[in-house]
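In: Kindly generate the corresponding structure for this input.
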Amino acid sequence: MTLSKWKTCSLLSLVLLSSPSCTPKANLPSAEATTSIPENSATLHKTSQQPETAVFQPIKTAPAQPRSNQPVENQAPLIAQQAPDPDSLPEIIDGMTVGMPYAEARALIDQNIWAPKTYPPVVSVSTTVQTMRDLGYEEVQDCAGTGLGLCRMEFIEREGLVLAIIVTTSEAEPMVWSWFLE
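Out: Presented below is the predicted three-dimensional model:
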């Protein structure tokens, strides 16, 4: 079967077989004609024993699962239970602990060793990043937009070592979540 045997119609009409104008042209060669449809085109099936018709074979997918009307449970407490073990974190800043307010942790950082690693202003930043900058935390690199609202704060030393402090913004004030050196 060649495409020239079909009247001109939209691909959508052909696929849905809803348009009566998408039927084979009259007085065309018999159904024994050869098929010349490119392999990457829509799937049309024809056998020499069947009348000339186009059959669309939709992709088989799994049936949709019904959605629950139950409210989604807050996962933050479960995530908080998975916070890093404070004993496993390197002792970089004396007195810094998991769960302390970030403002207090920031005050513990020796400004003679560590300087805030700042980034040029970006036109479109997340609301959380902008809030952190508005609070005076110029060292914010980026924040997650959901969940605990984890933000990465960075400080750099003279030799180029980076201290990354991860804080959560889901509380009334940013709290220390974790830290590490890069």
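In: For stretch 170-182, measure first residue to last.
Out: 25 Å (C-alpha to C-alpha, to the nearest Å).
In: Tell me the buried residues in that stretch?
Out: 174, 175, 176, 177, 178, 179 (16 or more other C-beta atoms under 10 Å). Just so you know, the C-beta spots here come from the backbone N, C-alpha and C atoms, and that holds for glycine as well.
In: And the closest residue to the fourth one other than its chain neighbours, how close does it get to residue 127?
Out: The spatially closest residue to residue 177, leaving aside those adjacent along the chain, is residue 166, at 4.4 Å (C-beta to C-beta, 6 or more residues apart in numbering). With distances taken as C-beta to C-beta, to the nearest Å, residue 166 is found 18 Å from residue 127.
In: Mind checking which of these two has more residues around it?
Out: Remark: of residue 166 and residue 127, residue 166 carries more neighbours, 19 against 10, as counted by other C-beta atoms under 10 Å.
In: CA atoms of the helix or strand in which the more buried one is found as PDB?
Out: Using DSSP states H and E, residue 166 sits within strand 162-168. Extracted C-alpha coordinates of strand 162-168, given in PDB (Å, rounded to 0.1, in the frame of the first residue of the first chain):
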ATOM      1  CA  VAL A 162      35.800  25.200  51.000                       C
ATOM      2  CA  LEU A 163      33.700  24.700  54.200                       C
ATOM      3  CA  ALA A 164      30.100  23.800  53.200                       C
ATOM      4  CA  ILE A 165      27.500  24.100  55.900                       C
ATOM      5  CA  ILE A 166      24.000  22.700  55.100                       C
ATOM      6  CA  VAL A 167      21.200  24.400  56.900                       C
ATOM      7  CA  THR A 168      17.500  23.700  57.000                       C
END
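In: contact partners of it?
Out: Contact with strand 162-168 is made by 92-93, 102, 105, 109, 114, 117, 141, 148-157, 174-182, as judged by C-beta atoms under 8 Å, 6 or more residues apart in numbering.
In: that older thread, tell me which residues form a beta bridge with the residue nearest to residue 177?
Out: residue 152, residue 178 (DSSP bridges).
In: Need the pLDDT of it.
Out: The model reports residue 166 with a pLDDT of 96.
In: go on, residue 124?
Out: Residue 124 carries a pLDDT value of 73.
In: now residue 147
Out: On the pLDDT scale, residue 147 gets 82.
In: swap in the one 4 residues further on?
Out: Predicted confidence (pLDDT) for residue 151: 96.
In: so it makes contact with residue 169?
Out: Yes: counting by C-beta atoms under 8 Å, residue 151 does reach residue 169; the two are 5.8 Å apart.
In: Who has more neighbours out of the two?
Out: Counted by other C-beta under 10 Å, residue 151 and residue 169 do not tie: residue 151 has more neighbours, with 25 against 22.
In: And the nearest residue to that one once chain neighbours are set aside, its phi and psi?
Out: Once flanking residues are discounted, residue 151 sits nearest to residue 143: 3.9 Å by C-beta to C-beta, 6+ apart. Main-chain dihedrals, residue 143, degrees, to the nearest 10: phi -140, psi 150.
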